[in-house]
Each structure stands twice: as C-alpha cells, then as structure tokens.
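Peer 1: Fold the following and give me the result.
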Amino acid sequence: MTPEPNQPSAGVLFTDQYQLTMAQMYFRRGLHERPAQFDYYFRNYPDYGRHQAGYAVFAGLAPLLEWMEGMRFTDADLDLLRSQMNRKGRRRFDDDFLEWLSANGAFGGVSIRAVPEGRVVHALAPVAIAEGPLAMVQILETSLLNHLNYPTLIATKAARIHEAAGGRPSLEFGMRRGPGAGANAGGRAALIGGADFTSNVGVSHELGIDPKGTHAHSMVQVFMALGEGELEAFRAFAEVYPDDCILLVDTIDTLESGVPNAIKAFGELRARGHEPVGIRLDSGDLAYLSIQAAAMLDAAGFPDVEIVLSGNLDELEIWQIRAQIQDEARRAGVEPERLMARLVYGVGTRLITSQGHEALDGVYKLVAIRDGADWIPAIKLSDTPEKVPIPGDKRVWRLYDARGFATADVVATADEDLTRDELVLHHPHREGVYRVIERGAITEMEELLVPVLNDGKRVGPVAGLDELRARRIEDLARLDVGVRRLVNPHIYHVSLTEAMKQLQLRLIEDARGR
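Peer 2: Predicted structure coming up:
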C-alpha cells in the first residue's frame, strides 16, 4: 500500500499503537513532558548466510528529519483516536490527553544527535540519540526505526556490491521487487551506499542524477510476434536511441542470435555516425557468456562496447563472475582485465530486498531521563547480554591508529576526558574482556555524534548525494581491509570506557537487587 499524503498512515499516526497508549499513561502520571533520551543503534551486522558484513552504511536520516519537521497531530488524527474503544466499549483515549496532543503533539521539542548520513557505522555503538519530552520521543520510536533500519540495510548491501564490482559501475534495478513505496527509500539508500545509478525515475530526478535502463524482452517479443524478428527490434531501438543504444541479447539465443544481431545493428548504427553503448546479458552463465560476447564484439570491431550483466546478482555472484573471467578469459583470446573494465552490473532483487538478511536489528532504547538538572541513567536487563543497552548520557568517539585507520568506536560518558595516557576499553557485553591502548598509539580521535535536529528544526544544510557518497568513500578508505572483506570479515571493536563500563555494571547490579 502506498499511502496518500492525507491518509492517516502518512502522518503522525505512522506509529505503533503501544506508543500512544504509553504516552497517555505518561500523561496520567505527569511524566509526559519529562525530558528523556533514547539511543538508536543496531545489534548485529547483516549475515547473508554464505557471506557476512563487517560494517554498515548509515542511511535514511534526511527523510526522517524532513518527516519530523512536518508532522503534528491534526484534528482528523485526534478524531480517529477519539473513536477507539476498549473492550468495555469505553473510550481508550481521554479528552484531556487528546487536548494535550492537539497543543503539543509535534516534534518541536525534540533534538537529535546522530552520525552524519552516509558514514560507516558499527554494531552496538549509538548511531543517533533522540532527546525531548518523554511522550513525544516515545511516539517517535516506530517511525524513526522505519526510516533508518531499512535504508541502512540497503546502503550496506550496495556498498558491498560496489566493493565486489572492483570500481566498475553498478545499477540499482530492484524497484519492481521492492516493498511498495519503500522501494523509493531503498533506491535512495542504494545510491548512497555505492550504486552509481538507479532505474527508479522519480528517485533519480529527486537526487539530480540520470535514470538508467535499457529495454525488456517484451520489446523483442513484439517484433517476433509480428514476424519482423529480433534484428528488426534492435534496428528500431537503435534508430530511436542512436546515442544510448544498449541491446538485451538473450531473448532467443545469446551467442547464436542475440550478439550477432546486435553486431549487425551496431554496424549500421556506426555507418550513420553513432557509436553503440553496449549489450545486456540477463540469464545463463554470465561469466562464460560475457567472455564469448566480448570475443565476438572484439572481432567485429567493437572492443569498447560495454557488457551489462543482470539477473539475480549480488556481491558474492559478482565476485565469482570476476574470478571466473580471470581464470577462463585468456583461453578464448580475451584479456581478462580489459573485459572486466567494460562490465556494468545491474542488481535488482537481491539488493532491494537485502536477500539473505531482510531486516536490520536496529532498536531504540530509553537510556536516560531527566531529574532536575541531572540525567538519570536507565537500564534494561535481558537473558541475552547483547540486548542490555549502554546506559546514560554519552558521547561516541572513533579512534584512528598510526596507519590512519579506524581501530575502535568508543562509547564514553558525556563528561569524560579521553586524553589520558592510556585507555582501558571494555567489551560492551562480555565481562573481563578488554584491551589497553596507549595514548601515543592513537593518531586521531573523532566525535561521531553531531547535532542534526535542534528543537524540531534541522541543523545545517541538507547534504547532496555527492557529499553522502564522499562520506562513505572516505570512511571505507580508512577501514581495515579485513573488516571490509565479503566473507568472514574481521571484527571491528566497539568498546566502552572504564567509566561507562562501571556505570553499566552498577545499574545492572542495582536492578537485580531491586
């Protein structure tokens, strides 16, 4: 379902029911305007089964902030809440609470510190911290998670595909398989994460890039059904798009019909003063077919024509295709490096659905509530250690080693001094697991969380696509190659300072004692 702008599902009621029932309970207890802090973070990197991610790329922040700026409870929203009845047939939401929402039900009192969108982020370290009146930051939870989890998942997948492609262009082709209107969020995230272009026309125009696409098998089928054949279909397409001619060659038989007919159409195109752009292979053994097609194109005098590969690709498939070309191309008289330099990868379903790991384990947890001038840290216990949050008001730092590479993301208390001679860095959930870093081994210390929303208003200009991509590129260049590995990546350290670890342990002990 794609909600219309005036539908409840497109407005502030884009939330879960229990956020509203909790908000009314806070109102009844006089807690609704008490300042509170919630951390957004994810617990685990995507694990796709045969391969795993060792990092993530943060995406979705700008659309979230835009949504927050324009949202408030309207009269129509309040009428819908007024119509809800409990099991006894009585009103679920009372008039005094709805009147408070009418006057205060917006995000004007909410501020957010976050890692800038497009940057590399890591499991367990807070990616964003929301602060504001308890009732409203509670209501924010569902939409925040919806806006950030899926785009971060897709941007991460796109970054891995970009790495696997060895610098060659990748195209996002997944709109038809995406989750409804979420395909727009996925398309945007893919572009941030590493896709060079998308077939999604609307998202392309919104972000100021050229949408990409070739043609479908149906175009060739039309000419076949009318008795004119594949070659005539290619000629017609080349006539209409002489300077953007990419032909899909596997409707009948790739090597016996498609490529030979494409070569004929390309020759006629060149005779009219135009150069063909490429062919597309969408099925079969893509490595073998690209080798054979390259040999045929080279022999026909088209050594620079691109070969676009599509059809159930992901980062592992691309990696395997490139390895197979490296092994087999010379036997067909094709130089493997030259062939790989003309490949373009169209990635659809497996990117837009993040196949193998379909949901990011992103959570939004209360970590502190204000009492007068002080933040009172909050804790949640669990039999699963990874579900115990990092409590309290905090700052997050990225440490760089002598190589200039990121070596740890460190969660510290808000007023903590990290300039001492040595840092004792603790595992967030495993007691007794720590390491000591001498201050001299740290060449740079960067604070990750910056203000992005102040009392409901965005801070600073909205970053364009080029800037978002540049952030990812810079962060990945400073991330150890072992962490970037497609299969069994090294573990990147997310750690707690001594003071933060002691705060966490004390709160756990206090909670168990109570």
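Peer 1: do you know how far Leu124 is from His426?
Peer 2: The gap separating Leu124 from His426 is 12 Å, by C-beta to C-beta, to the nearest Å. To be clear about C-beta, it is placed using only N, CA and C from the backbone, and glycine gets the same treatment.
Peer 1: ok, those two, which is more surrounded?
Peer 2: Using other C-beta atoms under 10 Å, the more surrounded residue of Leu124 and His426 is His426, with 22 against 19.
Peer 1: The more buried one contacts Ala412, doesn't it?
Peer 2: No - the criterion here is C-beta atoms under 8 Å, and His426 misses it with Ala412 at 11.3 Å.
Peer 1: Find the residues that touch each one of these two.
Peer 2: Counting by C-beta atoms under 8 Å, 6 or more residues apart in numbering, the shared contacts of His426 and Ala412 are Leu496, Thr497, Met500.
Peer 1: among those residues, which ones are buried?
Peer 2: Applying 16 or more other C-beta atoms under 10 Å to the shared contacts of His426 and Ala412, the neighbour count classes Leu496, Thr497, Met500 as buried.
Peer 1: which strand residues sit across from the first one in the sheet?
Peer 2: It refers to Leu496. Beta bridges link Leu496 to Val411, His426 when assigned by DSSP bridges.
Peer 1: and it, what pLDDT?
Peer 2: Looking at Leu496, its pLDDT is 97.
Peer 1: In contact with it, which residues are there?
Peer 2: By C-beta under 8 Å, 6+ apart, the contact set of Leu496 is Ile390, Val410, Val411, Ala412, Leu425, His426, His427, Pro428, Gln504.
Peer 1: try 7 Å this time
Peer 2: Leu496 makes contact with Ile390, Val411, His426, Pro428, Gln504 under the criterion C-beta atoms under 7 Å, 6 or more residues apart in numbering.
Peer 1: what about the last one, neighbour count?
Peer 2: Gln504 is flanked by 23 other residues according to other C-beta under 10 Å.
Peer 1: Distance-wise, check it relative to Leu134.
Peer 2: 22 Å.
Peer 1: and if you look at the first one?
Peer 2: For Ile390, the distance to Leu134 (C-beta to C-beta) stands at 20 Å.
Peer 1: isn't Phe97 right next to Phe27, touching?
Peer 2: Yes - between Phe97 and Phe27 there is a contact under C-beta atoms under 7 Å: 4.9 Å.
Peer 1: Determine the longest strand present in this protein.
Peer 2: In the chain, assigned by DSSP state E, the strand with the most residues is strand 362-371.
Peer 1: Val487 against His51, yeah?
Peer 2: Yes - the criterion here is C-beta under 7 Å, and Val487 meets it with His51 at 4.7 Å.
Peer 1: Flag every buried residue along the longest strand of the chain.
Peer 2: For strand 362-371, a neighbour-count test (16+ other C-beta under 10 Å) marks Gly362, Val363, Tyr364, Lys365, Leu366, Val367, Ala368, Ile369 as buried.
Peer 1: now Asp314, nearest residue through space, not along the chain?
Peer 2: The shortest distance from Asp314 to any non-neighbouring residue, by C-beta to C-beta, 6 or more residues apart in numbering, is to Arg350 (4.0 Å).
Peer 1: which SS class is the one you found?
Peer 2: The three-state label given to Arg350 by DSSP: H, G, I helix; E, B strand; the rest coil is helix.
Peer 1: Return the distance of the residue of the chain most remote from its centre relative to Ala236.
Peer 2: The centre of the chain is farthest from one residue, Gly227, which by C-alpha atoms, centre = their mean lies 46.1 Å away. From Gly227 across to Ala236, the span is 14 Å (C-beta to C-beta).
Peer 1: what does Ser199 give?
Peer 2: 21 Å.
Peer 1: same thing with Gln84?
Peer 2: Distance of Gln84 to Ala236, given as C-beta to C-beta: 58 Å.
Peer 1: quick one, which of these two is more surrounded?
Peer 2: Ala236 (15 against 12).
Peer 1: List the residues that contact the nearest residue to the more buried one once chain neighbours are set aside.
Peer 2: Take Ala236 and drop its neighbours on the chain: the residue closest to it by C-beta to C-beta, 6+ apart is Phe223, 7.1 Å away. Going by C-beta under 7 Å, 6+ apart, Phe223 touches Gly229, Glu230, Glu232, Ala233.
Peer 1: Mind doing that once more with 8 Å?
Peer 2: Taking C-beta under 8 Å, 6+ apart as the contact definition, Phe223 lies against Gly229, Glu230, Glu232, Ala233, Ala236.
Peer 1: Over to His217?
Peer 2: Each residue near His217 by C-beta under 8 Å, 6+ apart is listed here: Leu248, Asp250, Thr251, Asp282.
Peer 1: what's the next secondary structure element after the longest helix seen in the chain?
Peer 2: Using DSSP state H, we find that the single longest helix of the chain is helix 134-164. Following helix 134-164 in sequence order, the next helix or strand is strand 170-172 (DSSP states H and E).
Peer 1: Contacts made by that next one with the rest, please.
Peer 2: With contact meaning C-beta under 8 Å, 6+ apart, strand 170-172 is reached by 158, 161-162, 186-187, 190-191, 194-200, 212, 308, 344-348, 351-352.
Peer 1: Pull out the buried positions in the strand or helix carrying Glu337.
Peer 2: With elements taken from DSSP H and E, the one containing Glu337 is helix 336-340. Neighbour-count burial for helix 336-340 flags Pro336, Leu339, Met340 (criterion: 16+ other C-beta under 10 Å).
Peer 1: from the contacts of His217, which two are the most distant?
Peer 2: Taking C-beta to C-beta as the measure, the contacts of His217 span a maximum distance of 9.1 Å, between Thr251 and Asp282.
Peer 1: Remind me which helix or strand the nearest residue to Leu423 once chain neighbours are set aside belongs to.
Peer 2: Distances taken as C-beta to C-beta, 6+ apart place Ile437 nearest to Leu423, at 4.8 Å, with adjacent residues excluded. Taking DSSP H and E as the definition, Ile437 sits inside strand 434-438.
Peer 1: Quick one: mean pLDDT for that strand?
Peer 2: Strand 434-438 comes out at a mean pLDDT of 92.
Peer 1: ok, it: who's next to it in the sheet?
Peer 2: strand 422-426 (antiparallel).
Peer 1: so where do the helices sit in the stretch 101-250 of the chain?
Peer 2: For the stretch 101-250 of the chain, applying DSSP state H, counting those that start in this stretch gives helices covering 134-164, 182-193, 201-207, 217-225, 229-240.
Peer 1: so which of those helices comes closest to Gln326?
Peer 2: The closest of those to Gln326 is helix 134-164. By C-beta to C-beta, the value is 13.5 Å.
Peer 1: For that closest one, give the mean pLDDT please.
Peer 2: Computed over helix 134-164, the average pLDDT equals 98.
Peer 1: so it versus helix 182-193, what angle?
Peer 2: Helix 134-164 runs at 60 degrees relative to helix 182-193, counting by axes from the mean of the first three to the mean of the last three C-alpha atoms, to 10 degrees.
Peer 1: Tell me what angle helix 134-164 forms with strand 362-371.
Peer 2: Counting by the same axes, to 10 degrees, helix 134-164 lies at 140 degrees to strand 362-371.
Peer 1: In this structure Phe197 contacts Ile209, no?
Peer 2: Yes - at 6.2 Å, Phe197 counts as touching Ile209 under the criterion of C-beta under 8 Å.
Peer 1: from what I can see Phe73 touches Thr15, true?
Peer 2: No - in this structure, Phe73 is not within contact of Thr15 by C-beta under 8 Å, at 10.8 Å.
Peer 1: Which residue ranges of the stretch 401-514 of the chain form helices?
Peer 2: Secondary structure of the stretch 401-514 of the chain (DSSP H, counting those that start in this stretch): helices at 465-477, 481-484, 498-513.
Peer 1: and the last one with strand 434-438, angle?
Peer 2: Looking back up the chat, that one is helix 498-513. Here helix 498-513 runs at an angle of 160 degrees relative to strand 434-438 (the same axes, to 10 degrees).
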